[in-house]
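J.: fold the following and give me the result.
(one chain, ligands or ions: 1)
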Amino acid sequence: MQTTYDYILIGGGLAGQSLAFHLLQGPLRDKRIALIDLEPKTSNDRTWCFWEQTPGPFDDIVCQRWDQLDFLAHLFPGPSTLRPTPTK
Ligand SMILES: Cc1cc2nc3c(=O)[nH]c(=O)nc-3n(C[C@H](O)[C@H](O)[C@H](O)COP(=O)(O)OP(=O)(O)OC[C@H]3O[C@@H](n4cnc5c(N)ncnc54)[C@H](O)[C@@H]3O)c2cc1C
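T.: The predicted structure follows:
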């Protein structure tokens, strides 16, 4: 039996998963979408950081937040605040 899809996304990395996520939030949510990856993706092999001023859709899976960073350099030493845009 042949399965048909409205959209086929090749690659389930950041770009593919982001596109799938946003497709499922919008008017295309009822379309048949296939997400195909070369790898079985059984391990968490990379991380993604982002900056955000307001609560976002991925807050539940954020595992670390930083409000401050330190520069270890002669010309610009010391801490620097990341507020109001903390890194997640
Ligand atoms: C070890 C590591 C740590 C990182 N840490 C950070 C970090 O802390 N913060 C940050 O912002 N960014 C980080 N990055 C960068 C971030 O992961 C990349 O910028 C992001 O993943 C790029 O997204 P992408 O969708 O373009 O590619 P990818 O996420 O690499 O996704 C591409 C997908 O396509 C699949 N694929 C490839 N060829 C085929 C094919 N022929 N058929 C089907 N599927 C295929 C691959 O298996 C993969 O799943 C890190 C990257 C690595 C490697």
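
J.: doesn't Lys31 lie inside a helix?
T.: No: going by DSSP: H, G, I helix; E, B strand; the rest coil, the assignment for Lys31 is coil, not a helix.

J.: now the strands for this protein?
T.: Taking DSSP state E, the strands of the chain run over residues 7-10, 33-36, 68-71, 78-81.

J.: and the nearest residue to Thr85 once chain neighbours are set aside, what pLDDT?
T.: Distance criterion CB to CB, 6 or more residues apart in numbering; nearest residue to Thr85, sequence neighbours excluded, is Trp51 at 4.7 Å. (Each C-beta comes from the backbone N, C-alpha and C, glycine too.) What the model reports as pLDDT for Trp51 is 85.

J.: Lys41 now?
T.: At Lys41, pLDDT is 82.

J.: which residues does it contact?
T.: Gly12 (CB atoms under 8 Å, 6 or more residues apart in numbering).

J.: so the closest residue in space to Phe21 that isn't next to it in sequence versus the ligand, what's the distance?
T.: Nearest non-adjacent residue to Phe21, counting by CB to CB, 6+ apart: Pro57, 7.6 Å away. The gap separating Pro57 from the ligand is 17 Å, by CB to the nearest ligand atom, to the nearest Å.

J.: how many residues are close by Pro57?
T.: Pro57: 9 surrounding residues under other CB atoms under 10 Å.

J.: roughly how far apart are Gly11 and the ligand?
T.: From Gly11 to the ligand the distance is 3 Å (CB to the nearest ligand atom).

J.: check contacts around that residue.
T.: 36-38.

J.: ok, now Leu69?
T.: 79-80, 82, 87.

J.: and those, which is closest to Asp67?
T.: Closest to Asp67 out of the contacts of Leu69 is Leu82 (5.5 Å), distances taken as CB to CB.

J.: and the pLDDT at the closest one?
T.: Value for Leu82, per-residue pLDDT: 82.
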